[in-house]
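Engineer: next come a sequence and a model predicted from it.
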Amino acid sequence: MGIGMYRTRCLGRGSLVPDSEPQKIIDAAKFALRNVAVLELKAPFWRYIPTPLWTRYVRNMNYFIEVCMKYIDAATERLKKKKSTNEEDHSLVERILATETNPKVAYILALDLILVGIDTISMAVCSILYQLATRQEEQEKVYQELLKILPDPNTPLTTSHLDQAIYTKAFIREVFRMYSTVIGNGRTLQNDTTICGYKVPKGVTIDNLLINLMTVQVVFPTVVTGNMKEYVNDANIFKPSRWLKAASDQKLHPFASLPYGYGARMCLGRRFADLEMQVLLAKLIRSYKLEYHHQPLKYKVTFMYAPDGELRFKCTKR
Ligand code: HEM
């Protein structure tokens, strides 16, 4: 579905009918993610009166849950009938349903994956393709690598091909360093803490007239730290090669760029996302040259950080 979303944005509308169920799931997930920050980070009047945004948000989530449950139920039924216990024969949702014994938890996990797995990956792909299309020299390096790995473009792609796509992966990492799709991570502290001289109270709440109004969060702004010269050599230069082993002597703080977060709550779908992006690039750039000949696009934060505008690429068969 992540791929479906980016397809509608940059490979022409019409690949998904607007009121088709997949498109509606995409729209609902997008609405949920893009408005959660408004509800959570601004004064939460919705806790006391049902504001129009809150009412719409709840209606949207109800729709999302109703439709997704249909597919999750279908996956549960399929699973019951499947004879094979081999994980490789199961879809991602089926694997979760198979390993989680509490059906309620399994439903929530599967719903979560669908909810956060759409806008994130599609916006990341938009950003990566835009960078490839506007950096022809870099695209050529990615292409030359893929040409070597896949002399025949019709060869079915395997993990061993992707293992060799070192520069392609470095390119993706560099896009994330300079233009992290998720701009930062928030944490609520469990104890009062002093950070760089600032006293940060432990999470929970700041009490005021409207009791328990706000939660204090420490935010790690990875899009900022990834671009700081204090942590990264030549921080303002787009240089995928910095991620290669040969460049390990260069300054690159291990915490400067954390596009998938860090620790126990880091992104659950990161391997899935990485794989999806690598497969897409391997297939697309091996067979097509991508160009962009329009006004440069500015990056904008919606909930994600991505180029703002239509991605009108020229694709030429190699
Ligand atoms: C390029 C695409 C993606 C990016 C950049 C991304 C980034 C992130 C980030 C920054 C977090 C917060 C981590 C933290 O607080 O330490 C997160 C959480 C999460 N992501 Fe992703 N994500 C992506 C794709 C996906 C996909 C495809 C899925 C599901 C298939 C997914 C599932 C999740 C889940 C379930 C969490 C919550 C984990 C938790 O709270 O324990 N993500 N993601």
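Structural biologist: Ah, there it is. Numbering: from 1, shown residues only.
Engineer: residue closest to the middle of this protein?
Structural biologist: The centroid of the chain falls nearest to Thr120 when counting by Cα atoms, centre = their mean (2.8 Å).
Engineer: separation between that one and Arg312?
Structural biologist: Noted for Thr120: a distance of 23 Å to Arg312, by Cβ to Cβ, to the nearest Å. For glycine as for every other residue, the C-beta is placed from the backbone atoms N, C-alpha and C.
Engineer: before we move on, what about Tyr260?
Structural biologist: Distance, Tyr260 to Arg312, by Cβ to Cβ: 29 Å.
Engineer: out of those two, which sits in the more crowded spot?
Structural biologist: Just comparing Tyr260 and Arg312: by other Cβ atoms under 10 Å the higher neighbour count belongs to Tyr260, 20 against 12.
Engineer: what backbone torsions are found at that one?
Structural biologist: Dihedral angles of Tyr260 (phi, psi; degrees, to the nearest 10) stand at phi -110, psi 20.
Engineer: state the pLDDT value of it.
Structural biologist: We have a pLDDT of 97 for Tyr260.
Engineer: try Thr85
Structural biologist: pLDDT recorded at Thr85 is 69.
Engineer: next: Asn208.
Structural biologist: pLDDT for Asn208: 48.
Engineer: where exactly do the helices run in the stretch 151-300 of the chain?
Structural biologist: Along the stretch 151-300 of the chain, the stretches classed as helices by DSSP state H, counting those that start in this stretch are 159-164, 166-178, 222-225, 270-287.
Engineer: mean neighbour count added to the ones you listed, as a markdown table?
Structural biologist: As requested, these are exported to a markdown table (neighbours: other Cβ atoms under 10 Å):
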| stretch | mean neighbour count |
| --- | --- |
| helix 159-164 | 13 |
| helix 166-178 | 21 |
| helix 222-225 | 19 |
| helix 270-287 | 18 |
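Engineer: closest one to the ligand among those?
Structural biologist: Comparing the helices of the stretch 151-300 of the chain against the ligand with Cβ to the nearest ligand atom, the closest turns out to be helix 270-287 (3.7 Å).
Engineer: count of residues packed around the residue of the stretch 51-200 of the chain found nearest the ligand?
Structural biologist: Closest to the ligand within the stretch 51-200 of the chain is Gly117: 3.2 Å, counting by Cβ to the nearest ligand atom. Residues within reach of Gly117, counting by other Cβ under 10 Å, total 20.
Engineer: got a markdown table for the helices of the stretch 151-300 of the chain, with distance to the ligand and mean pLDDT too?
Structural biologist: Output for the helices of the stretch 151-300 of the chain, formatted as a markdown table (distance: least, Cβ to the nearest ligand atom, whole Å; pLDDT from 0 to 100):
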| stretch | distance to the ligand | mean pLDDT |
| --- | --- | --- |
| helix 159-164 | 16 | 96 |
| helix 166-178 | 7 | 98 |
| helix 222-225 | 8 | 96 |
| helix 270-287 | 4 | 96 |
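Engineer: between these, which one is closest to Glu138.
Structural biologist: For those, the distance to Glu138 is smallest for helix 166-178, at 6.3 Å, taking Cβ to Cβ.
Engineer: hmm, who's touching the closest one?
Structural biologist: Residues outside helix 166-178 that contact it (Cβ atoms under 8 Å, 6 or more residues apart in numbering) are 124, 127-128, 131-132, 138, 141-142, 145-146, 226-227, 232, 238-244, 256-257, 259, 274, 277-278, 281-282, 285.
Engineer: pull out the buried members of the residues you listed.
Structural biologist: Neighbour-count burial (16 or more other Cβ atoms under 10 Å) is assigned, among the contacts of helix 166-178, to 124, 127-128, 131-132, 138, 141-142, 145-146, 226-227, 232, 238-240, 242-243, 256-257, 259, 274, 277-278, 281-282, 285.
Engineer: now do the buried residues in the helix or strand harbouring Glu66.
Structural biologist: Element membership for Glu66 (DSSP states H and E) is helix 52-81. Neighbour-count burial for helix 52-81, with 16+ other Cβ under 10 Å as criterion, is recorded at Trp54, Tyr57, Asn60, Met61, Phe64, Ile65, Val67, Cys68, Ile72, Ala75, Thr76.
Engineer: what about the ligand: which of those residues touch it?
Structural biologist: Checked against the ligand using Cβ under 6 Å from any ligand atom, the buried residues of helix 52-81 give no members in range.
Engineer: now the residues you listed in JSON lines, please, with extra columns for pLDDT and distance to Ile172.
Structural biologist: JSON lines is the format used below for these (pLDDT from 0 to 100; distance: Cβ to Cβ, whole Å):
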{"residue": "Trp54", "pLDDT": "95", "distance to Ile172": "37"}
{"residue": "Tyr57", "pLDDT": "96", "distance to Ile172": "32"}
{"residue": "Asn60", "pLDDT": "95", "distance to Ile172": "31"}
{"residue": "Met61", "pLDDT": "93", "distance to Ile172": "31"}
{"residue": "Phe64", "pLDDT": "90", "distance to Ile172": "29"}
{"residue": "Ile65", "pLDDT": "89", "distance to Ile172": "32"}
{"residue": "Val67", "pLDDT": "86", "distance to Ile172": "31"}
{"residue": "Cys68", "pLDDT": "83", "distance to Ile172": "28"}
{"residue": "Ile72", "pLDDT": "81", "distance to Ile172": "30"}
{"residue": "Ala75", "pLDDT": "80", "distance to Ile172": "29"}
{"residue": "Thr76", "pLDDT": "80", "distance to Ile172": "34"}
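Engineer: many thanks, we can stop here.
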